[in-house]
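Student: Quick one, fold the following:
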Amino acid sequence: MPLFPGFTATSLALPTPMAADGPLRMVVRHGGHGPPLLLLHGFPQTHAMWHRVAQRLAGHFSLVMPDLRGYGDSGRPAGGADHAGYSKRAMADDVHQVMLALGHERYGVVGHDRGGRVAHRLALDQPHAVQRLMLLDIAPTLDMYAATDFAFACAYDHWFHLIQPAPLPERMLAGDAIGYLHAKLGGWGAAGLAHVEPEALAEYERCFTAPGTIHAMCEDYRASAGIDLEHDRASRACGQRIACPTRVLWGARGVVHRLFEPLGLWQAQCALPVSGATLDTGHFMPEEAPQAVADQIAEWWPHAPD
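Tutor: Residues are numbered from 1 along each chain as shown. The predicted model follows:
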């Protein structure tokens, strides 16, 4: 059974300066009718994580769902010595170029997990383009690292494992890639894999085990522990804040709810009042509670664009 009936899959070659190895191939699923809405996936998934939400929103929005660089079927450029090739700035530039290529100069953004961190940087770097922002089950990267303690290190061990110098974490994950993938998809409050449809799980397995994927994911995390923090500190030092209306959602059974105060932390990074809500989920909100997530999105982005 297809995950995205009625949607189109497109491969774009982006002539972006962030792609140091030449044009970057970005695979994008898009379709629907209405104002443009960019949906960004997280680790260890692909755009397939949005399939249930997309089915519910296709009549209300023109949805754009790319695989982030290094994930899914998109390109896997080199990270570089400072891992800048996987900075959230580079990833944000990718998805902005995708939206422009599809004819969307202004748009809303919903980001989950790593996609939320890309969305955060996108809203800062492209304030003229991002009309509204919704972040799912994350707190700001800089605040999460700054508050690291025993409980957080245990709950998000991958934040500290994947950033170790190559190739140690790559080799360790490759030793049982499917087992590692399943453990992550079934963790962080999800209580197993029941929320993942077989077709989606097959996609995650195929992409996670594709050559270069594990290294690219490690580079993503290495960037977050280095150059992304530099970018975030620079933004805060100059008083830069998210300028658009922002809403945050988090799972009642997730790590973010247990260890952080996401609403307050995001309010400190936004120029406008931030709204938020807790859903009865773990971390993987779009698959655990697709109707609730779709309802939140539809309510936050009315039919008429701002």
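
Student: Next up, the contacts around residue 82.
Tutor: With contact taken as CB atoms under 8 Å, 6 or more residues apart in numbering, residue 82 is in contact with 226-227. Every residue, glycine included, has its C-beta placed from N, CA and C.

Student: So it lies in a strand, does it not?
Tutor: No - using DSSP: H, G, I helix; E, B strand; the rest coil, the assignment for residue 82 is coil, not a strand.

Student: So for it, what's the pLDDT?
Tutor: Note on residue 82: pLDDT of 96.

Student: What is the subsequent helix or strand relative to whichever strand or helix holds residue 31?
Tutor: Secondary structure from DSSP states H and E places residue 31 in strand 24-32. Next in sequence after strand 24-32, counting helices and strands by DSSP H and E, comes strand 36-40.

Student: That following strand pairs with which strands?
Tutor: Paired with strand 36-40 in the same sheet, following DSSP bridges, are strand 62-66 (parallel), strand 107-112 (parallel).

Student: What are the contacting residues of the shortest one?
Tutor: For strand 62-66, the surrounding residues in contact (CB under 8 Å, 6+ apart) are 7, 26-41, 47, 50, 54, 57, 74, 94-95, 98-99, 102, 104, 107.

Student: Restrict it to CA atoms and write it as CSV.
Tutor: Output of strand 62-66 as CSV, limited to C-alpha atoms (Å, rounded to 0.1, in the frame of the first residue of the first chain):
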residue,chain,number,x,y,z
SER,A,62,0.3,22.4,-0.5
LEU,A,63,2.6,20.0,1.4
VAL,A,64,6.4,19.7,0.8
MET,A,65,8.2,16.9,2.5
PRO,A,66,11.9,16.6,1.6
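
Student: Quick one: mean pLDDT over it.
Tutor: On average, strand 62-66 scores 98.

Student: for the longest one, same thing?
Tutor: In this model, strand 107-112 carries a mean pLDDT of 98.

Student: Give the buried residues for that strand.
Tutor: 107-112 (16 or more other CB atoms under 10 Å).

Student: which residues of the chain fall in strands?
Tutor: 8-14, 24-32, 36-40, 62-66, 107-112, 130-136, 246-251, 274-279 (DSSP state E).

Student: Against which helices or strands is the last one packed?
Tutor: Of the remaining helices and strands, those touching strand 274-279 by 3 or more CB pairs under 8 Å, 6 or more residues apart in numbering; DSSP states H and E are strand 246-251, helix 262-267, helix 290-300.

Student: residues touching the residue nearest the centre of the chain, list them.
Tutor: Among the residues of the chain, the one closest to the centroid is residue 115, at 1.2 Å (CA atoms, centre = their mean). By CB under 8 Å, 6+ apart, the residues touching residue 115 are 39-42, 68.

Student: re earlier: just the helices and strands packed on strand 274-279: most buried one?
Tutor: strand 246-251 (a mean of 25; mean count of other CB atoms under 10 Å).

Student: How about residues contacting it?
Tutor: By CB under 8 Å, 6+ apart, strand 246-251 touches 123, 132-138, 189, 256-257, 262-263, 266, 270, 272, 274-283, 285, 288, 293, 296, 300.

Student: let's see 7 Å
Tutor: 133-137, 189, 256-257, 262-263, 266, 270, 272, 274-279, 281-283, 285, 296, 300 (CB atoms under 7 Å, 6 or more residues apart in numbering).

Student: quick check: angle from it to strand 107-112?
Tutor: 20 degrees (axes from the mean of the first three to the mean of the last three CA atoms, to 10 degrees).

Student: Please state the offset of strand 246-251 from the chain centre?
Tutor: Chain-centre distance of strand 246-251: 13 Å, with CA atoms, centre = their mean, to the nearest Å.

Student: what mean pLDDT does it have?
Tutor: Rounded mean pLDDT across strand 246-251 is 98.
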